[in-house]
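In: Sequence and predicted model, in that order:
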2 protein chains.
Amino acid sequence: MNQKISRKKFFKDIFKYSTGAAVGAAAGGILLPKNVPAQKETPPLPWPYAKLDPDQGRILGHDYYSQGGCGYAGFAGILKQLQDKQGEPFTRIPAEMFGYAGGGVKGWGTICGALNGAAAALSLVCDSKSSGLVIDELIGWYTESLLPTDTSNLFAVSDKYATKNNIAELPQNKSGSPLCHISLSGWCAFSGFSVGSPEQLERCSRLSGDVVAKATALLNAQKAGTFKAEYLGSKSISDCLGCHDREQEVGNVDTKMSCVVCHDDPHS
Amino acid sequence: MNQKISRKKFFKDIFKYSTGAAVGAAAGGILLPKNVPAQKETPPLPWPYAKLDPDQGRILGHDYYSQGGCGYAGFAGILKQLQDKQGEPFTRIPAEMFGYAGGGVKGWGTICGALNGAAAALSLVCDSKSSGLVIDELIGWYTESLLPTDTSNLFAVSDKYATKNNIAELPQNKSGSPLCHISLSGWCAFSGFSVGSPEQLERCSRLSGDVVAKATALLNAQKAGTFKAEYLGSKSISDCLGCHDREQEVGNVDTKMSCVVCHDDPHS
């Protein structure tokens, strides 16, 4: 379709379509700014990525925890960097939508909110296969790493809460699980600090920062073509799925979580 | 500030700000539509809600499962209704962003993707307190209800997959948990159908529809002022938190999931 229009109609239509906004703006004594684009449809995913800074993400993720919990921290720690750096279309999404994910979804203790939020944010800039690789690595790293990482100096600069409570070092443990309930209770039992204590809140703040930093580093690697999976999966998974995988006779299991965190190991 | 501008500058500026888009459009033989508004900032949450139809949501949630998994189904089943009914600002969010949540987040078996997606979507139209009430009720209902609900006639109309495989009735069980792994494995063990079988896929499709329908009904009630919580919490939670709550000496637990699904009951 390449319908020609007359020069007269062209300028008439320009006037028709632009007058309303321009008149409204002119009435207030200003003109439309140069860079206000027309309202566009939201482009399909994935959206373009620009390299982010993991250390910046760590501080943001940490500090956002006190503003909206771990789910918000994990999501906003990535999204707001993308918004600041690229604006549209990332500014279409309100980071606050992930407030629901805190405490494993409104305190239910399911998936760690930082993981949930970060996984959602990185899915905006990855196709499904790539986000699968990055999310597997992110969650695998989370379950097998000593967390929170020892970055107290970094946090001390950014965080009024940590400084106020004079919290520097914090006990580190491996959660063994992406579930908030297991991660949180495991750390509290290990450290002796109660749920709701300043130390636990600071632990989850730092952990949110750690998740954002790791997700950012993985995204950078994935986009640079240097991503290499280091998490090889829980050994219990491969043992147990030998009988319980969908291809087997007792095909009733489909998970990537370690089995022996909750189930007895029949081979021990 | 009420700076006057000359008529000449007024028309010059109109031309300047509109030429790029209009020329681009004219080159393709079309002109900009009349109702293209200027790009606005994304409004803060919550966004306005208009009553939705639970049965419509059930069919959408069910059918979207085959397009993008349970996480997409739970999110899109609500979001796309809001987009169709209200357009902006809901059209700013790509429903596909919740593809990552399938299978309890990329197959990890954490929170059921339908719950995760529906919780995120309803959080767009609720303040934090309201979404907490609705999400608690939604997840509590999910854990204690016989699912999938017996709505095979409704699905038979909409679903080529179910019809093709001639799946009418499906075994129903109570998951006892919002976790994909427990919900899925429990149903497979109960029904005898393997993970990945047509019956399991149809079960999770229907369950996604059920979650969207329930979330929609709860939203309608919450917005109409008729919401009443029916889920009272697991008894094991109140028993166990008698010692393990944050206020107690062994304050290392913060969850709403039933304890005895995974832990032995020390009182039995």
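Out: Structure's in. What do you need? Numbering: from 1, shown residues only, chains lettered A, B, ... in the order given.
In: Report the buried residues of the lengthiest helix in chain A.
Out: Among the elements of chain A assigned as helix by DSSP state H, the one spanning the most residues is helix A:54-86. Buried residues in helix A:54-86, counted by 16 or more other CB atoms under 10 Å in any protein chain shown: A:54, A:57-66, A:68-83. (C-beta placed from N, C-alpha, C; glycine too.)
In: Helices of chain A, start to end?
Out: For chain A, applying DSSP H gives helices covering A:7-27, A:54-86, A:113-122, A:128-144, A:152-158, A:160-164, A:180-191, A:198-224, A:235-244.
In: Can you add mean pLDDT and distance to residue B:228 and give the ones you listed back as TSV?
Out: Formatted as TSV, the helices of chain A follow (pLDDT from 0 to 100; distance: least, CB to CB, whole Å):
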stretch	mean pLDDT	distance to residue B:228
helix A:7-27	37	46
helix A:54-86	96	26
helix A:113-122	98	28
helix A:128-144	97	37
helix A:152-158	66	43
helix A:160-164	66	38
helix A:180-191	96	28
helix A:198-224	96	33
helix A:235-244	76	41
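In: Pipe the ones you listed into CSV and attach distance to residue B:212 per row.
Out: Formatted as CSV, the entries for the helices of chain A read as follows, by distance: least, CB to CB, whole Å:
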stretch, distance to residue B:212
helix A:7-27, 38
helix A:54-86, 21
helix A:113-122, 18
helix A:128-144, 21
helix A:152-158, 40
helix A:160-164, 38
helix A:180-191, 24
helix A:198-224, 28
helix A:235-244, 30
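In: Let me know the distance separating the residue of the stretch 1-150 of chain A found nearest chain B from residue A:102.
Out: Closest approach between the stretch 1-150 of chain A and chain B, counting by CB to the nearest CB: residue A:109, at 3.0 Å. Residue A:109 is 11 Å from residue A:102, where distance means CB to CB, to the nearest Å.
In: which of the buried residues of helix A:54-86 are close to chain B?
Out: When CB under 8 Å from any CB of the partner chain is taken as the criterion, no member of the buried residues of helix A:54-86 contacts chain B.
In: Now do the contacts for residue A:119.
Out: Neighbouring residues of residue A:119 by CB atoms under 8 Å, 6 or more residues apart in numbering or on different chains: A:74, A:131, A:135, A:138-139, A:215, B:100-101, B:105-106.
In: The same query, at a cut-off of 6 Å, please.
Out: For residue A:119, the contact set (CB atoms under 6 Å, 6 or more residues apart in numbering or on different chains) comprises A:135, B:100, B:105.
In: just these now: which is nearest residue B:168?
Out: Minimum separation from residue B:168 among the contacts of residue A:119 (CB to CB) is found for residue B:105, which lies at 31.3 Å.
In: and the stretch 101-250 of chain A, which of its residues are near chain B?
Out: A:105-111, A:119, A:123-124, A:128, A:131-132, A:135, A:139, A:178, A:181, A:185, A:188-189, A:194-196, A:246 (CB under 6 Å from any CB of the partner chain).
In: Verify the contact between residue A:135 and residue B:107 for me.
Out: No. The pair residue A:135 and residue B:107 does not pass the contact test of CB atoms under 6 Å, sitting 9.4 Å apart.
In: the more surrounded of the two?
Out: residue A:135 (25 against 18; other CB atoms under 10 Å in any protein chain shown).
In: rewinding a little: which one of the contacts of residue A:119 is nearest residue A:46?
Out: When the contacts of residue A:119 are compared for distance to residue A:46 (CB to CB), residue B:100 comes out closest, at 11.4 Å.
In: if I pick the residue nearest to that closest one when sequence neighbours are not counted, what's in contact with it?
Out: Counting by CB to CB, 6 or more residues apart in numbering or on different chains, the nearest residue to residue B:100 once its immediate chain neighbours are dropped is residue A:123, at 4.2 Å. When the contact criterion is CB under 6 Å, 6+ apart, the partners of residue A:123 are A:131, B:97, B:100.
In: Most neighbours among those residues, which one is it?
Out: Among those, residue B:100 has the most neighbours (other CB under 10 Å), with 29 neighbours.
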